[in-house]
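> Starting from these lines, generate the structure:
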Amino acid sequence: MKLTENFSLSEFKCKCGNCTMDSIVKSNIKILARELQVLREAIQKPISINSGYRCDEHNKAIGGVKYSKHLLGMAADIRVDGMNPKEVAEVVEQLIDDNKIINGGLGIYPSFVHFDIYQPTKKRRWNY
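Take a look at the predicted model:
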């Protein structure tokens, strides 16, 4: 199922291959895909989804945190060929500052960027 011009639901499915997404997860993924589409249009490069939705079993198997936003379909770990994670995160921050995308969680890792659409009262940023 196509979610946006450049993203389909299959890109966000759990890597375990044995679970299904409920309607709340699908709804969250639609919002997440719309936000990532804005990023895609800003950078004019394809975005690869390393990890989108994760079922609880798969999240535990890969060492994900207990309350991961991936469990709700609210997060994606992404990478962009030709850009390092810091560069991608800088574009995300600019889009947030310009009120073009949701001010969700943003984490910079050695080979990818975590972006989520969870909006608590305080800014969530981290760097590994």
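
> Helices along this protein, start to end?
Along the chain, the stretches classed as helices by DSSP state H are 23-43, 56-61, 85-97.

> Just the residues contacting the last one, thanks.
Right, the one you point to is helix 85-97. 38-39, 42-43, 78-80, 101-103, 106, 108-113, 115 (CB atoms under 8 Å, 6 or more residues apart in numbering). No exception for glycine: its C-beta is placed from N, CA and C like everyone else's.

> what about residue 103, how many residues close to it?
17 (other CB atoms under 10 Å).

> Quick check, pLDDT for residue 121.
With respect to pLDDT, residue 121 has a value of 81.

> Next up, the contacts around residue 125.
Counting by CB under 8 Å, 6+ apart, residue 125 has contacts 105-107.

> 6 Å instead?
Going by CB atoms under 6 Å, 6 or more residues apart in numbering, residue 125 touches residue 106.

> okay if I get the helices of the chain as CSV plus distance to residue 15, mean pLDDT and mean neighbour count?
Formatted as CSV, those follow (distance: least, CB to CB, whole Å; pLDDT from 0 to 100; neighbours: other CB atoms under 10 Å):
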stretch, distance to residue 15, mean pLDDT, mean neighbour count
helix 23-43, 14, 98, 18
helix 56-61, 6, 97, 14
helix 85-97, 20, 98, 16
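
> Ok, which of those comes nearest residue 11?
Between residue 11 and these, the tightest spacing by CB to CB is seen for helix 23-43, at 8.3 Å.

> From the contact counts, what lies against the closest one?
Packing partners of helix 23-43 (3 or more CB pairs under 6 Å, 6 or more residues apart in numbering; DSSP states H and E): none among the helices and strands.
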